[in-house]
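Peer 1: structure for the following, please:
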Amino acid sequence: MTPQLALVLLVLGPAVVGVVLALAGTTAGPRGRAVADRAAFPVAVATAAAALGLAALAAAGRPSVQAPFLAGAPLGLGVDGLSAVVVLAVAAVVLLVLVFAWADVREGRARFAGLMLLFAAAVSLTATATTLPALLLAWEIMGAASYALVGFWWREDRRVSAGTTAFVTTRAGDLGLYVALAGAVGGGLLGGSGLALGDLADLPAGWRDVVAAGVLVAALGKAAQLPFSWWLSRAMEGPSPVSALLHSAAMVAMGGYLLLRVEPLLAATGWAATTAAWVGALTAVALGVVALAQRDLKQLLAASTSAQLGFVVLAAGVGALTGGTAQLVAHAAVKALLFLVAGAWLSALGTKQLAGLRGAAGIWPVVGGAVAMGALALAGVPPFALWTTKDAVLHAALETSPALYAVGLLGAALSAAYAGKVLVVVFRRARGGEEVEDVVEHWDGEEQGTREVPRLAQAPLVVLALAALGLAVLGLPPEVRLLARVLGQDPAAAGAGALELVVSGVLAVAALVVVFLLVRADRLPEPGWARAWLGLGAATDAVVAGVLALAER
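Peer 2: A predicted model of the protein is given here:
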C-alpha cells in the first residue's frame, strides 16, 4: 500500500464505516438495529485498529495528496513531522477508548460507535489538512460530530441543551476560520500566496494580521481557553467515552494543535504569538483554580483540560513546538486514562461526585492503580509524563519572559493541587458507620451502578497508565532531541534543564503535601465563584440574551 493511499484511507475509512453504523443504528427497523448494535463495536474496534496501522504507514511515508475544490484552493492533505506524531496519538487513543466503550456503552451502540468513528475521521482530517479549505471542512465535521456525541442521550433535555451549548460556543469561535479564509484569499490575490497553511506567514502584513486573528479565535474556542472555557463544563453531560476522546485527542486538543501548526504565522505577526502565550498561561492558572474547587470528578477533569491545554497554547506563543507537541501527546494519554476511570466508576457506582468516590480506588485494584498513575502524571510528579513535557514548555517561556514563566509555574503548581485532591479523596477510606453511610448514599445518584468494572474495560486503563509513565521520555534527552528532529526543530533548544526539572518536581510534591493536609482537615477552599467556572456560564447567557434581543428588534 502506498503512503498516499494510507493517508486517504485513514480519513475515509473510519468516516464511511462510521456513517454506515450510525445510519444502521437510527434508520433501520427494530431487528436491523439489534443486529447493528451487536456488530457495532467489533466492527468499530477493527476499523480503529486498521486506522492505527494506516496512521503508522502515513507517518513513515510522509505523503501528501490534493483534491480539486476551487481554482487555486485545493483540498490538501499531508503528513509532516508534527502531523505524523499527532495522527499516531489520535489513532491509538481512539482504539483504546472504543475498547472501553465496548464494555461500557449499553444502548444505542451502533449509533454511538458510528459517531465516534466519524468524529475520529474528522480529527484525522484536521491533523493532516494542509490548506485552509480542508481545515475548514474538518473543523465543521468535527463540531457537528461533537454536538451529536455530547447530546447522545437525546431524550433528556439537559443532555441536548449541553450539546447545543458546546456547539454554539465553539461555533462562535469557528467564525474566525471564515475570517481567516477571507483574509487569506484577499492577501493571496495581492501577494501571490495560496491558501496552504504553510504559506500564511508570507501574506502581506495587514492581511496576515487578519488571518492570524481569525485562526487564533477559532483555536482558542476549540481548546476551551479563556473566555470560551465554559462549554467544556456543559459537555460533561455526554457519555464518559466521549469525554475521554473529546478532551484527550479530539476536538479540544485540536485547538492547541492548530496553533502549533500555524506557529510561524503567530511569530510573524508578533502580537498574535504574545496573545496566545498569555491566554494560555492565564488559562492554566484560572482554570486550575476552577478545577481545584470542583466536587464532581468529571467537572474537575474538564477544567483541568482547559488548564493543561493552556500549556500547549503557551508553547505555540513562545515558539516551543517540541515542548508543545510533547505536552499535547502526553496529556492525551493522561486525560484519556482519567476520564475512562471516571467513567468506570460512574457505571459501577452510579456517581461521579467526589463525596461518593471516597475510597473508591481500593474497590478495584486495577482501576485504583490506573487513577494513581494518571493523577501523579497530571500533577507533574517525577518520573511521570507531564512533569517533563510541561517543563519543556516552561523552559521556552522563561527565555521569552520571566513573568510568563512565573505564571506558567503557578499553573503547574495548581496542576499538582487539583490532581492531589483527586488522589487524597479516592484513596481515603471512610472510617466508621457514619462515614461509610455518607459515601454510600451518593451511589446510584446519577445512574444505576452495576457494581463491577469488566475486564475489557480495565485493559485500556492498563495501557494508558503505562503511557502516563513512559511518555515522560518525550521531555528528556535524548528522546526530546529526537522529537525535535522529527518536527524539524533545533535539538539543542529542546527540553528543560536539570535545575528546572528539579524545581518543578519539588514544587509538585510540595503542592501534593499541602493539599493532602488541607483535604484531610476538610479545610481545602472551594469558593462558589470558582465552582461556577468564574461565572463564564452566566456571562455566556447574558451575551446570548443580548444578541437575541437585538435580533428580535
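Peer 1: what mean pLDDT does stretch 383-399 get?
Peer 2: Stretch 383-399 shows a mean pLDDT of 95.
Peer 1: next: stretch 172-186.
Peer 2: Across stretch 172-186, the average pLDDT comes to 92.
Peer 1: stretch 490-502 too?
Peer 2: What stretch 490-502 shows for mean pLDDT is 85.
Peer 1: may I see the buried residues of that stretch?
Peer 2: By 16 or more other Cβ atoms under 10 Å, the buried positions in stretch 490-502 come out as 491, 494-496, 500-501. Backbone N, C-alpha and C define where each C-beta goes, glycine included.
Peer 1: and stretch 346-361, by the same measure?
Peer 2: Neighbour count says stretch 346-361 has 346-354, 356-361 buried, by 16+ other Cβ under 10 Å.
Peer 1: what about the strands in this structure?
Peer 2: Secondary structure of the chain (DSSP state E): strands at 64-70, 73-78.
Peer 1: where in the stretch 401-550 of the chain is pLDDT low?
Peer 2: Scanning the stretch 401-550 of the chain for pLDDT under 70 picks out 432-435, 544-549.
Peer 1: so which residues of it form helices?
Peer 2: With DSSP state H, counting those that start in this stretch, the ranges of helices along the stretch 401-550 of the chain come out as 402-427, 432-440, 455-470, 479-486, 498-520, 528-531, 536-552.
Peer 1: for these, give me CSV that also has distance to Ala326.
Peer 2: Shown next, in CSV, are the helices of the stretch 401-550 of the chain (distance: least, Cβ to Cβ, whole Å):
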stretch, distance to Ala326
helix 402-427, 15
helix 432-440, 38
helix 455-470, 13
helix 479-486, 6
helix 498-520, 13
helix 528-531, 29
helix 536-552, 29
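Peer 1: of those, which stretch is the most buried?
Peer 2: Among those, helix 402-427 has the highest mean neighbour count (mean count of other Cβ atoms under 10 Å), at a mean of 23.
Peer 1: that helix packs against which elements?
Peer 2: Applying 3 or more Cβ pairs under 8 Å, 6 or more residues apart in numbering; DSSP states H and E, one finds that helix 402-427 contacts helix 271-293, helix 297-318, helix 365-379, helix 385-400, helix 498-520.
Peer 1: against which helices or strands is the first one packed?
Peer 2: Helix 271-293 is packed against helix 205-222, helix 263-269, helix 297-318, helix 385-400, helix 402-427, helix 528-531, with contacts defined by 3+ Cβ pairs under 8 Å, 6+ apart.
Peer 1: pLDDT weak spots in the stretch 101-250 of the chain?
Peer 2: Within the stretch 101-250 of the chain, the segments meeting pLDDT under 70 span 189-193.
Peer 1: before we move on, the earlier item: can you tell me which of the strands of the chain is most buried?
Peer 2: Counting by mean count of other Cβ under 10 Å, the most buried of the strands of the chain turns out to be strand 73-78, with a mean of 22.
Peer 1: measure the residue nearest to Ala532 when sequence neighbours are not counted to Trp529 for me?
Peer 2: What sits nearest to Ala532 in space, not counting adjacent residues and going by Cβ to Cβ, 6 or more residues apart in numbering, is Ala538, at 7.6 Å. Note on Ala538: its distance to Trp529, by Cβ to Cβ, to the nearest Å, is 10 Å.
Peer 1: wait, which of the buried residues of stretch 346-361 is closest to Ser306?
Peer 2: Lys352 (18.2 Å; Cβ to Cβ).
Peer 1: residues in contact with that closest one?
Peer 2: Going by Cβ atoms under 8 Å, 6 or more residues apart in numbering, Lys352 touches 296-298, 342, 345-346, 446.
Peer 1: point to the residue nearest the middle of the protein.
Peer 2: Nearest to the geometric centre of the chain sits His247, at 2.9 Å (Cα atoms, centre = their mean).
Peer 1: so that one is in contact with Leu301, correct?
Peer 2: Yes - under the criterion of Cβ atoms under 8 Å, His247 makes contact with Leu301 at 7.2 Å.
Peer 1: picking that back up, deepest of the helices and strands packed on helix 402-427, which one?
Peer 2: Of all the helices and strands packed on helix 402-427, helix 297-318 has the most neighbours on average by mean count of other Cβ under 10 Å, namely a mean of 29.
Peer 1: gap between that helix and the chain center?
Peer 2: In terms of Cα atoms, centre = their mean, to the nearest Å, the centre of helix 297-318 is found 8 Å from the chain centre.
Peer 1: equivalent analysis for stretch 90-102, please.
Peer 2: 14 Å.
Peer 1: now swap in stretch 3-12 and tell me
Peer 2: Here the centre of stretch 3-12 is set off from its chain's centre by 24 Å, with Cα atoms, centre = their mean.
Peer 1: and stretch 472-484, by the same measure?
Peer 2: Distance, stretch centre to chain centre, for stretch 472-484: 22 Å (Cα atoms, centre = their mean).
Peer 1: circling back to that earlier point, could I get the contacts of Lys352 in CSV, plus columns for distance to Val279?
Peer 2: What follows is the contacts of Lys352, written out as CSV (distance: Cβ to Cβ, whole Å):
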residue, distance to Val279
Asp296, 26
Leu297, 27
Lys298, 24
Ala342, 27
Trp345, 33
Leu346, 32
Glu446, 33
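Peer 1: lowest-confidence entry in these?
Peer 2: When those are sorted by pLDDT, the bottom entry is Glu446 at 87.
Peer 1: one step back: turn the helices and strands packed on helix 271-293 into a markdown table, columns for distance to Val439.
Peer 2: Formatted as a markdown table, these follow (distance: least, Cβ to Cβ, whole Å):
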| stretch | distance to Val439 |
| --- | --- |
| helix 205-222 | 37 |
| helix 263-269 | 47 |
| helix 297-318 | 14 |
| helix 385-400 | 29 |
| helix 402-427 | 10 |
| helix 528-531 | 21 |
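Peer 1: of all the ones you listed, which one is nearest Ala375?
Peer 2: helix 402-427 (4.5 Å).
Peer 1: nearest to Pro477 among the contacts of Lys352?
Peer 2: Nearest to Pro477 out of the contacts of Lys352 is Ala342 (Cβ to Cβ; 34.5 Å).
Peer 1: please name the nearest non-neighbouring residue to the closest one.
Peer 2: Computed as Cβ to Cβ, 6+ apart, the closest residue to Ala342 that is not its neighbour in sequence is Leu297, at 4.9 Å.
Peer 1: does that neighbour touch Gly343 like I think?
Peer 2: No - contact criterion Cβ under 8 Å: Leu297 and Gly343 do not qualify, at 9.9 Å.
Peer 1: hang on, Gln308 packs against Ala385?
Peer 2: No - assessed by Cβ under 8 Å, Gln308 is found out of contact with Ala385, at 11.1 Å.
Peer 1: excluding its backbone neighbours, what's nearest Glu399?
Peer 2: Leaving out its chain neighbours, the residue that sits closest to Glu399 by Cβ to Cβ, 6+ apart is Val318, at 7.6 Å.
Peer 1: just Ala67 next, same as before
Peer 2: Distance criterion Cβ to Cβ, 6+ apart; nearest residue to Ala67, sequence neighbours excluded, is Leu75 at 4.5 Å.
Peer 1: check Leu464 too.
Peer 2: The shortest distance from Leu464 to any non-neighbouring residue, by Cβ to Cβ, 6+ apart, is to Leu337 (3.8 Å).
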